[in-house]
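Participant: Kindly return the folded structure for what I paste below:
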Amino acid sequence: MRNTIAVIPARSGSKRIPKKNIALIQGQPALARTIKNLHNSAIFDRIIVSTDSDEFGRIAKGAGAEVPFHRPTEISGDHTPTKDVIIHALEMLGIDDDAQVCCVYPTAVLSQSDTFIDSYQLSNHHSAKFVFPISRFRSNPQRALLLAEDGQSIRPLNLDFSETRTQDLEPQFYDAGQFYWGSSSLWRSKKSIHENAVGFKVPWWQAIDVDDSDDLELLNFTFDYVERTNK
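Facilitator: Okay, the predicted model is just below:
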């Protein structure tokens, strides 16, 4: 097995959901639950948390992760690219170019051990590309509708598909936004993640992106269901 490192970018300045990255998921902080999932996969040599928060750092250490540095303010803003955060971590840690690095978001609490293991193996087969989870749109976006300013009138986004049966449309997928695999050298390169990638398919329930309070409620509900089902 190659040197494998998980880097969790966990900044504290979430606007829509304050402290989203440590929001409680069935009684435990999301960050702590995600760290536990990474440990359970047993494929990571190191689990690193990049954070600008002492509070987040304490939670991360309590869950068994390393917090070897404090993330500087200039790469802790709303618009800081993920690659910049990972590159900073690699430089701070002195990671070799041949290491396999997985950027994992703190709210990826539904990503299972098998998901990390199988996507890691896929990444090894595609060492020149990023690997990240994708999930199929349950309602095909080719038949999307646009809502007018009056809040009622609608029109098809694409008239070419407005009368096409959904089963006749090509399946469409989206970035599940949970994690990204790539070699250390690939992270350091100027290559775009989405333009140089291989998709790893995951079910919709592993792809819940937390943008508002409704998403957080759904994540809690789904996590509880999955936990009870797997017992």
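
Participant: can you list the weak-confidence ranges in the protein?
Facilitator: Filtered on pLDDT under 70, the chain yields the residue ranges 1-2, 231.

Participant: which residue ranges form the helices in it?
Facilitator: For the chain, the helices defined by DSSP state H occupy 30-41, 54-62, 82-93, 113-125, 184-188, 213-230.

Participant: Other residues contacting the fifth one?
Facilitator: Contacts to helix 184-188, defined as CB atoms under 8 Å, 6 or more residues apart in numbering, come from residues 83, 86-87, 90, 95-101, 103, 127-130, 196. Backbone N, C-alpha and C define where each C-beta goes, glycine included.

Participant: Alpha carbons only: can I get it in PDB?
Facilitator: The C-alpha atoms that make up helix 184-188 are tabulated as PDB, following Å, rounded to 0.1, in the frame of the first residue of the first chain:
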ATOM      1  CA  SER A 184       0.400  14.700  -4.000                       C
ATOM      2  CA  SER A 185       2.000  15.700  -7.300                       C
ATOM      3  CA  LEU A 186      -1.400  16.000  -9.000                       C
ATOM      4  CA  TRP A 187      -2.700  18.200  -6.200                       C
ATOM      5  CA  ARG A 188       0.300  20.400  -6.700                       C
END
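
Participant: Run a quick neighbour tally on Phe137.
Facilitator: For Phe137, the neighbour count with other CB atoms under 10 Å is 14.

Participant: Tell me who's in contact with the nearest residue to it once chain neighbours are set aside.
Facilitator: The shortest distance from Phe137 to any non-neighbouring residue, by CB to CB, 6 or more residues apart in numbering, is to Gln172 (4.7 Å). Going by CB under 8 Å, 6+ apart, Gln172 touches Arg136, Phe137, Asn140, Pro141, Gln142.
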